[in-house]
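K.L.:
Pasted the sequence and its predicted model underneath.
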Amino acid sequence: MSRFNFANCSGVILDSCRPHGVWFDSDELRRIVEFISGGGLDMSRAKERLNLELERRRLEQAAGDPERYSDFQPRTPDSIRASRGLLHFLLGK
């Protein structure tokens, strides 16, 4: 079982089991719905878009100057991608 912060910034820590899915402790589902209703998911997506743009620029720089960026390692994608299936389930979209 692993734990992740829903949308990387909600403050709701969910438990996830790859073969069995996501487990909610008491009150977590309500807190996620409130987070989404309050615009938190939109803010998280905007932050992810900004991070992707910064990453794109960094990759362009690395391609232009390979010696300077020889130890470059790509970043791990945000956990919001891992929670996409949960969002589709919760919101029916």
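P.N.:
Looks like it arrived, so ask away.
K.L.:
Need the three-state assignment for D25.
P.N.:
Secondary structure, DSSP: H, G, I helix; E, B strand; the rest coil: D25 is coil.
K.L.:
Now do the same contact list for the residue lying closest to it once chain neighbours are set aside.
P.N.:
Nearest residue to D25, sequence neighbours excluded (CB to CB, 6 or more residues apart in numbering): D15, at 7.4 Å. Any C-beta I mention is one placed from the backbone N, CA and C, and that applies to glycine too. Contact partners of D15, counting by CB atoms under 8 Å, 6 or more residues apart in numbering, are M1, S2, R3, V22, W23, D25.
K.L.:
Tell me the spacing between G39 and L86.
P.N.:
Counting by CB to CB, to the nearest Å, the gap from G39 to L86 is 18 Å.
K.L.:
more neighbours, the two?
P.N.:
Neighbours were counted for G39 and for L86 using other CB atoms under 10 Å; L86 has more, 18 against 10.
K.L.:
what residues are up against the more buried one?
P.N.:
F6, V22.
K.L.:
what about 7 Å?
P.N.:
Counting by CB atoms under 7 Å, 6 or more residues apart in numbering, L86 touches V22.
K.L.:
what number of residues lie near I36?
P.N.:
Residues lying near I36 (other CB under 10 Å) number 18.
K.L.:
for L87, same thing?
P.N.:
Neighbour tally, L87, other CB under 10 Å: 16.
K.L.:
So it, which state does it fall into?
P.N.:
L87 ends up helix, using three-state DSSP.
K.L.:
again with S16
P.N.:
Using three-state DSSP, the structure places S16 in strand.
K.L.:
what sits opposite it in the beta ladder?
P.N.:
Taking DSSP bridges as the rule, S16 bridges to S2, V22.
K.L.:
That one: what's it in contact with?
P.N.:
M1, S2, F4, V22.
K.L.:
Surely the first one touches R18?
P.N.:
Spelled out, that is M1. No. Using CB atoms under 7 Å, M1 is not in contact with R18, being 9.1 Å away.
K.L.:
Roughly how far does R3 sit from S16?
P.N.:
When CB to CB is the yardstick, R3 and S16 sit 7 Å from each other.
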